[in-house]
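Asks: no FASTA, just this:
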């Protein structure tokens, strides 16, 4: 029996990741029943997302009460201690071989796991880092939190490039930090072609966030649109807070929801209709965080236009010509202008075919082998 716990996500958050992670675990350890602990609505959405895509897992769904998102550190610590004490105690009574925190608070969650690990030693315990490593590694005050007592706690990051960067910043992690690729469910998709007529679509994926460089995308959209005579369209395929695209952003970037996340079916429809996915991500942040939106682009067979960072360099090296890797925003503008001036139809088709041919590197079966190696080490 393997226990998986998400002690942070509410509702729709992290649903595709959790579902694909559970499927990868089921393939890594066939025959082992899985128990998934999470907030009620989140667990239900994971279940609904997973069941049509994968039926090879026996999963028991368990509910956790999570602290409010704006809880004080003291209240969050108390709740994390209570939740992980419950999970670890139940795992120990049931004879679980492994307990894995697939998402937890960067500070209080790790503190709770490390504190309780001393009392519950019969199960191997591991955690998965998502977007917290930059915060934890950039301040020496958090280094002991990451490095102390790691013989009792395995840690997993989503990519070899992230592992290398983390170990460079904190060499003591070398013995306890493992890497897997970000798992993902890929639906069937045909190669894309550039539109025979009408504007070429360039899209920003996911929630509006300064670390994702949305301001750079808006600037790109404005400069190109002023000179492209209607040959380009710039879309936000994702989510935003109500009123977030007021002013110039709303003029140059088309959006499809008033506020909040875009419904998944609409997200997938708009992604199928675009030509290129644009990733003007802040390299200083994304050297230590994986991008789920990158997997959405690969899932749809869409070529990328991305600012260079170790994550994208690793992906391009593994998959070949899947788009354009740019050194700065000016190069991104030049690439877009060149595409509009002389649409590279044959190369675009090859790029889309390359994406579809190699995206299985992130599929649940491939990640299962990496996950087993990480957890068995």
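Replies: Looks like it arrived, so ask away. On a predicted model such as this, the values are computed, not experimentally measured, just so you know.

Asks: pull up the distance across stretch 112-131, start to finish.
Replies: Stretch 112-131 has an end-to-end distance of 19 Å (criterion: Cα to Cα, to the nearest Å).

Asks: next, the buried residues of it.
Replies: Residues of stretch 112-131 classed as buried: 112-114, 116-117, 120, 123-131 (neighbour count, 16 or more other Cβ atoms under 10 Å). For glycine as for every other residue, the C-beta is placed from the backbone atoms N, C-alpha and C.

Asks: inside helices: which ones of those?
Replies: Counted as lying in helices by DSSP state H, out of the buried residues of stretch 112-131, are 112-114, 116-117.

Asks: mind listing the strands for the protein?
Replies: Taking DSSP state E as the criterion, the chain contains strands spanning 2-6, 34-38, 59-63, 98-103, 124-128, 154-157, 177-179, 200-207, 232-239, 276-279, 304-307, 323-326.

Asks: now do stretch 289-301: distance to the chain's middle.
Replies: 8 Å (Cα atoms, centre = their mean, to the nearest Å).

Asks: ok, stretch 180-197 next?
Replies: Per Cα atoms, centre = their mean, the centroid offset for stretch 180-197 relative to its chain is 16 Å.

Asks: endpoint to endpoint, that stretch covers what distance?
Replies: 41 Å.

Asks: buried residues in that stretch, which are they?
Replies: Neighbour-count burial for stretch 180-197 [16+ other Cβ under 10 Å]: 180-186, 189, 192, 194.

Asks: and it, what's its mean pLDDT?
Replies: The pLDDT scores in stretch 180-197 average 95.

Asks: then stretch 252-260?
Replies: Averaging pLDDT along stretch 252-260 yields 77.

Asks: kindly report the same for stretch 326-335.
Replies: 96.

Asks: show residues contacting that stretch.
Replies: Residues outside stretch 326-335 that contact it (Cβ atoms under 8 Å, 6 or more residues apart in numbering) are 216, 219-220, 223-224, 278, 280, 305-308, 324.

Asks: got those residues as TSV, with distance to residue 79 columns?
Replies: Shown next, in TSV, are the contacts of stretch 326-335 (distance: Cβ to Cβ, whole Å):
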residue	distance to residue 79
216	37
219	41
220	42
223	47
224	47
278	38
280	36
305	42
306	38
307	38
308	40
324	45
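
Asks: what stretches of the chain score poorly on pLDDT?
Replies: For the chain, applying pLDDT under 70 flags the ranges 149-151, 240-248, 250, 258-260.

Asks: domain parsing for it?
Replies: Under the assignment automatic domain parsing, the domains of the chain span 2-186+362-376, 200-359.

Asks: enumerate every residue touching the spatially most distant residue from the centre of the chain.
Replies: Going by Cα atoms, centre = their mean, the residue of the chain most distant from its centre is residue 229, 35.4 Å out. For residue 229, no contacting residues are found, by Cβ under 8 Å, 6+ apart.

Asks: do the same with the one 5 residues further on
Replies: Listed by Cβ under 8 Å, 6+ apart, the contact partners of residue 234 are 201-204, 217, 220-221, 224-225, 252-254.

Asks: can you flag the buried ones in those residues?
Replies: Taking 16+ other Cβ under 10 Å as the criterion, what is buried in the contacts of residue 234 is 201-204, 217, 220-221, 224-225, 252-254.

Asks: leaving out chain neighbours, which residue sits closest to the residue nearest to the spatial centre of the chain?
Replies: Nearest to the geometric centre of the chain sits residue 292, at 3.0 Å (Cα atoms, centre = their mean). Nearest residue to residue 292, sequence neighbours excluded (Cβ to Cβ, 6 or more residues apart in numbering): residue 17, at 6.3 Å.
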